[in-house]
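*Asks:* I would like to see how this sequence folds:
(chains A, B and C)
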Amino acid sequence: MPDPRFFRRAGPFSVREIAAWTDAKPSGDGDLDLPISDLADLTQSTSNDLCYLSIAEYATADSACGVCLTTADLSHKAPPNSIVLVVKDPQAAFAVAAEAFYPHLPETIMKAVPTPSGAFVDGTVKLGVDVVIEAGAVVGQKAEIGARTRVGPGVVIGAGVVVGQDCQIGANASLMACLIGDSVVIHPGVCIGQDGFGFVFDSVLGRHRKVLQLGRVVIGNDVEIGSNTTIDRGALADTVIGAGCRIDNQVQIAHNVSLGERCIVVSQVGISGSCKIGSDVVLAGQVGLADHLTIGQGAQVAAKSGVMRDIAPGQAVMGYPAKPIRTFWREVAVLSRLTTRKKP
Amino acid sequence: MPDPRFFRRAGPFSVREIAAWTDAKPSGDGDLDLPISDLADLTQSTSNDLCYLSIAEYATADSACGVCLTTADLSHKAPPNSIVLVVKDPQAAFAVAAEAFYPHLPETIMKAVPTPSGAFVDGTVKLGVDVVIEAGAVVGQKAEIGARTRVGPGVVIGAGVVVGQDCQIGANASLMACLIGDSVVIHPGVCIGQDGFGFVFDSVLGRHRKVLQLGRVVIGNDVEIGSNTTIDRGALADTVIGAGCRIDNQVQIAHNVSLGERCIVVSQVGISGSCKIGSDVVLAGQVGLADHLTIGQGAQVAAKSGVMRDIAPGQAVMGYPAKPIRTFWREVAVLSRLTTRKKP
Amino acid sequence: MPDPRFFRRAGPFSVREIAAWTDAKPSGDGDLDLPISDLADLTQSTSNDLCYLSIAEYATADSACGVCLTTADLSHKAPPNSIVLVVKDPQAAFAVAAEAFYPHLPETIMKAVPTPSGAFVDGTVKLGVDVVIEAGAVVGQKAEIGARTRVGPGVVIGAGVVVGQDCQIGANASLMACLIGDSVVIHPGVCIGQDGFGFVFDSVLGRHRKVLQLGRVVIGNDVEIGSNTTIDRGALADTVIGAGCRIDNQVQIAHNVSLGERCIVVSQVGISGSCKIGSDVVLAGQVGLADHLTIGQGAQVAAKSGVMRDIAPGQAVMGYPAKPIRTFWREVAVLSRLTTRKKP
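*Replies:* Residues are numbered from 1 along each chain as shown, chains lettered A, B, ... in the order given. Predicted coordinates:
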């Protein structure tokens, strides 16, 4: 369930309404007047939730989901107690419904007001002792900022955001839809919690359609995040940064990524959506990770590598595609020998 | 002709003045008192415009250009009716003249004033119905913002900028010298329309000299632009982003690039100056494109590839230098076999 | 000695106090009540400074350093007149001491106050003639801004920062702990002088520990810096950008890097810590440099290359790992031939 601190839900809506928006054909004889109150992932849903099933592998009999958007082919795999709504493209249909359930995104519920000190802080904000908010900073409704935290000039903290104690937020950083631990250092220009890169191609409309991003960013204690780094919020689940991580400048972390504890992520690394990264992993500068990868604890990726497959714990890889470091250097040597050998 | 909403022209100046600034030798017996009122590209010029010709291939007899800066070698290729000014380095000379014609860049004509609501909005700004401008945002002279658009906290909208209806501009984004369509989503920290990376080495001064960037950024409807992405304005022509494009975080788009419709540009891609990219192209994460490339409609470039040559429509490439995807993987396999074969 | 304009020193502290914080064992019979007033590099220290020695190669008999944190193994290499404090991890111990000597970082001493014009400028700021400070900009205590410089909307200039004449600072840029020359153009979203990526793993605490960054960024005249570029300040020494450099968008420059004059650094380049780059060097787009490299004057690195070794003056390299350009293309050709040859 999307966190109500960040996402204001509309509805409930009847199954009939949802079917109408999504041009869906109800299959079976479920109650089309059943009120549906929220969106959820198949695995975490209740009987008043709307879910979708687009790929056979994601099917599960364990889901309590009330209504399931799916295709004709997959309809027999929908959760047994759900009302099935048959559509052409379940993800696109879910995106349509999401816009009805969540018409107000965190970006649109700021409403901060000017204060005499030169900052703009809503009256409902909770501030710990000795919080400093510099000139030009903006703090939205019901945000919470822990004791001794310093909010730099021009920083924007969205409605409902929670920042822990003893944090330092650098100039012009932007924090939306996120929960930040204690002793976190965020450098200037960092963007956290904005809507991720989620869309589906809607073949009826002939254009990409936004898939609302209804998760959060959750950042542990003692994390440092470098200048102009961007961390998108999750789609339905959260994007998670474990305690003690060190993230350098201009790193990109996509929606639903999770980092374990004490990871080191060097400048200009890009981590694609839904990667699961263990603790104590080191990603050197300009590394790129494809989406949905699992990187084992203590793995190390050399600078500029392009990782396309999972990495086992403790393994060190390099290259594009990334391979064990010794293999990489052996290939470099072989190729070099091939060119020099040809001369005589 | 540079858009007068963004660029305030000085002059006119006589041919004689221009020759003096640029240390040029007039060739032939043209009227050195002729008033020249503007700068233009050879192909789009009138008899009161100043142009330059630095490379033989750009010569054209069709140009109506009034005065042409060129070298002694190329002077016979200058437009037939133009007054020819012979200089050592035509591009550097044009850069000198540009500074005289355009002493005020968009960056320097902001002049927003504080409003009681905590935003800074010039009195000449045109706002549609239900526009929301959050605290700390700054909107410059004669900017126009369409109905229902939300301008986030700390956003800077330069003088003359036009933003369409139903847009959402994220916190601390900066928009200069640009025209933005309807239903465009711009995420926090995005920088659009700043002066691009244009300069020439001035061998007399012994340093790089700025080439003023006098074009715009033009963004179509229904575009989404990710956090901390940067899009430079054009040099004389425009940088263009077609309708329906999806651009991820930390993408760099240089001056004079054009993207077709519905392109997908994933995080940390870099597109060099003057690339022409067709519709429905996909550039995966961390791809780099050399300058002046043409990428055909529907082409796909795999993550981390370095593209140095044009790509035909529908082609899929990968690698550095980028090659057809199957070739890439065949080379990976061959190289791998070479290293393993050596063991016995 | 850290620049007192940016770093407010506490202390002095006795050798005994430093030993207690760092769990160190004094070796020999030095005066444990000696007052120590500052931190320094071994080579630039005085008898009232605290230094550390963690690697044998950095040892020098020439140092006047008063107290030296080092290991038991290296203690015989500590400067002859210093009091030696034996610790397990000298760098971690130095980091602990640094936090006591410098409890206030530049980020925390802003204290700008609102002005009627919509900017926030401290009363102690020195402004040259015809300086323009746009709405929403914040200028901290004792900063100095030269004549005719324009400070864009939302710009943050930290306490003590010095900006020269005729500069242009783009919207929402952030400048801390830096000295900027004349005629410098800084584009929107640039972050300069924030704390770099410095930490050591503290095995006792089981987490990374911040190593305070006590240097500055020093930028020469006539430099241009592209949007959303990040330049970290030095650790103890400075990060230096030579006069006339042209730096594109989204470039990352780490702590202690020095660039010579007139270098061209294209978009999305990453330069790791302590690289020494000569004058007139060209780094093309998306290049990455490993740390501590020396790049000779006039060297050129092709786009997307990964440089792991020093480059001689005038050399042109390409690839990953970077090699002479001709070698790179020869290897590309050989590999291509190997895959096509196999078909018959």
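*Asks:* backbone phi and psi for residue A:18, please?
*Replies:* Phi and psi for residue A:18, reported as degrees, to the nearest 10, are phi -60, psi -40.
*Asks:* Now it. Nearest residue, chain neighbours left out?
*Replies:* Among residues not flanking residue A:18 along the chain, residue A:97 sits closest, at 5.5 Å (C-beta to C-beta, 6 or more residues apart in numbering or on different chains). Bear in mind the C-beta positions are built from the backbone N, C-alpha and C, glycine included.
*Asks:* Who are the contact partners of the one you found?
*Replies:* Residue A:97 is in contact with A:18, A:21-22, A:39, A:50, A:69, counting by C-beta atoms under 8 Å, 6 or more residues apart in numbering or on different chains.
*Asks:* One more pass at 7 Å, please.
*Replies:* Shown in contact with residue A:97 (C-beta atoms under 7 Å, 6 or more residues apart in numbering or on different chains): A:18, A:21-22, A:50.
*Asks:* Can you tell me which of the residues you listed are buried?
*Replies:* If you count burial by 16 or more other C-beta atoms under 10 Å in any protein chain shown, the buried members of the contacts of residue A:97 come out as A:18, A:22, A:50.
*Asks:* didn't the first one look like it was pressed against residue A:35?
*Replies:* If I follow you right, that is residue A:18. No. If you go by C-beta atoms under 7 Å, residue A:18 and residue A:35 don't touch, sitting 10.5 Å apart.
*Asks:* follow-up on the earlier one: okay, and which of the contacts of residue A:97 map to strands?
*Replies:* residue A:50 (DSSP state E).
*Asks:* Show me which pair in the contacts of residue A:97 is furthest apart.
*Replies:* A:21 and A:50 (10.8 Å; C-beta to C-beta).
*Asks:* Next, see if stretch A:275-287 gets close to chain C.
*Replies:* Yes. Judged by C-beta under 7 Å from any C-beta of the partner chain, stretch A:275-287 comes into contact with chain C at A:285-286.
*Asks:* Can I get that stretch in PDB? Just the C-alpha atoms.
*Replies:* This file holds the C-alpha atoms of stretch A:275-287, laid out as PDB (Å, rounded to 0.1, in the frame of the first residue of the first chain):
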ATOM      1  CA  CYS A 275      19.000  -4.600  -8.700                       C
ATOM      2  CA  LYS A 276      19.600  -6.300  -5.400                       C
ATOM      3  CA  ILE A 277      23.000  -5.500  -4.100                       C
ATOM      4  CA  GLY A 278      24.500  -7.200  -1.000                       C
ATOM      5  CA  SER A 279      26.500  -5.600   1.800                       C
ATOM      6  CA  ASP A 280      30.000  -4.400   1.400                       C
ATOM      7  CA  VAL A 281      29.900  -4.300  -2.400                       C
ATOM      8  CA  VAL A 282      32.200  -2.000  -4.200                       C
ATOM      9  CA  LEU A 283      31.200  -0.500  -7.500                       C
ATOM     10  CA  ALA A 284      34.000   1.600  -9.000                       C
ATOM     11  CA  GLY A 285      33.600   4.700 -11.200                       C
ATOM     12  CA  GLN A 286      31.300   4.700 -14.200                       C
ATOM     13  CA  VAL A 287      30.200   1.100 -13.700                       C
END
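*Asks:* What separation do you get for residue A:147 and chain C?
*Replies:* Noted for residue A:147: a distance of 15 Å to chain C, by C-beta to the nearest C-beta, to the nearest Å.
*Asks:* and the residue nearest to residue A:154 when sequence neighbours are not counted, how many residues sit next to it?
*Replies:* Leaving aside its chain neighbours, residue A:154 sits nearest to residue A:172 (4.1 Å; criterion: C-beta to C-beta, 6+ apart). Neighbourhood size, residue A:172 [other C-beta atoms under 10 Å in any protein chain shown]: 33.
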